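Engineer: Quick check, what structure comes out for this input:
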Amino acid sequence: MNRIIGFFLAVALLVFPVGVLGADEASFSVTSSKTSYRVGDEITVSLSVDAGTYATTLNVIDFDLSIDDTAVIEPSNPSSPFTAGSIYSGVGMQSYSDGLMNAVVYINPESQPANRSGLIGTVTFTALKVGRATLAYDRIEAAEENNETEFVNTLAGSLTIEVAAGDASSGSTDVSASTGTTGSTSGTSGAGTARATPVSSTSARTGPEHIILAVIIAGMIAYLGFSWYRGNKYYPKI
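Structural biologist: Numbering: from 1, shown residues only. Predicted coordinates:
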């Protein structure tokens, strides 16, 4: 029995090298120059990515950015809220409706940057009334070049904006957005950038290796269950 279990574990380790799960991630952040504004102010929010191990291959990003309270802030231009940066300069589509903004961006095939980490683009909001609103990635589907059907692992941060009735405090800033692997945060500190707390994004499937692991685990469970049944069916409990 122990030999069989050891065999399955060895196969799992061969299929899943140490560090495969959770190590290869693209970290997405949402930041602003400050976190406190006043009614009527324009709020420019930057959407960025640390592509990590995908720094030379990340090619297409399809994401949803949500606003939890549209009575507090709303895109200044709802029909075209997103402005692309220089890295992912191609915009396949963008839309906004009921607090959810969607955009699909991609690398220009005729002018491919060497590094795909950096600014994805910006969104400008208008502060409508006193309150607090949080911007968060609801969904991220990011794919590598020449492999648009399997999405990479992603991690994302959120940002909370406060709108006050009077003048916004000029010093109401925090350190930079924190993004990184699950269970830890990382980032570059700098005055004037809001802190974004890392949260797990609802990214899509991350590749065939997870399916292989699931098959191995299912096989182990089936074998152990069958072995227990075979060893106990002739000895019913009294």
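Engineer: Could you pull up the residues touching residue 101?
Structural biologist: Applying C-beta atoms under 8 Å, 6 or more residues apart in numbering to residue 101 gives the contacts 64-67, 75, 81-82, 94-95, 123. C-beta: built from backbone N, CA, C; applies to glycine.
Engineer: That one pairs with what?
Structural biologist: Beta-bridge pairing of residue 101 under DSSP bridges involves residue 65, residue 96.
Engineer: distance of it from residue 66?
Structural biologist: Using C-beta to C-beta, to the nearest Å, residue 101 is found at 8 Å from residue 66.
Engineer: Residue 141 now?
Structural biologist: 15 Å.
Engineer: so what does the longest strand belonging to the chain touch, helix or strand wise?
Structural biologist: Criterion DSSP state E: the longest strand present in the chain is strand 131-144. Packing partners of strand 131-144 (3 or more C-beta pairs under 8 Å, 6 or more residues apart in numbering; DSSP states H and E): strand 26-32, strand 58-67, strand 147-151, strand 154-164.
Engineer: mean pLDDT lowest for which of the ones you listed?
Structural biologist: With a mean of 90, strand 147-151 has the lowest mean pLDDT of those.
Engineer: what comes up buried for that one?
Structural biologist: residue 151 (16 or more other C-beta atoms under 10 Å).
Engineer: the helices in the protein, which residues?
Structural biologist: Secondary structure of the chain (DSSP state H): helices at 2-15, 20-23, 208-232.
Engineer: rank those helices by pLDDT, which is bottom?
Structural biologist: Taking the mean pLDDT of the helices of the chain, helix 20-23 comes last: a mean of 46.
Engineer: I figured residue 159 was touching residue 28, is that so?
Structural biologist: No: the pair residue 159 / residue 28 is not scored as a contact, 11.4 Å apart, by C-beta atoms under 8 Å.
Engineer: Measure how buried residue 93 is and give me the count.
Structural biologist: 10 (other C-beta atoms under 10 Å).
Engineer: any idea how far it lies from residue 38?
Structural biologist: Per C-beta to C-beta, residue 93 is found 33 Å from residue 38.
Engineer: Need the per-residue pLDDT for residue 87.
Structural biologist: Looking at residue 87, its pLDDT stands at 97.
Engineer: residues contacting it?
Structural biologist: 107, 113, 115-120.
Engineer: Going by neighbour count, list what's buried in stretch 98-112.
Structural biologist: Buried residues in stretch 98-112 (16+ other C-beta under 10 Å): 99, 101-107.
Engineer: Quick one: mark the members of these that sit in strands.
Structural biologist: Those of the buried residues of stretch 98-112 lying in strands (DSSP E): 101-106.
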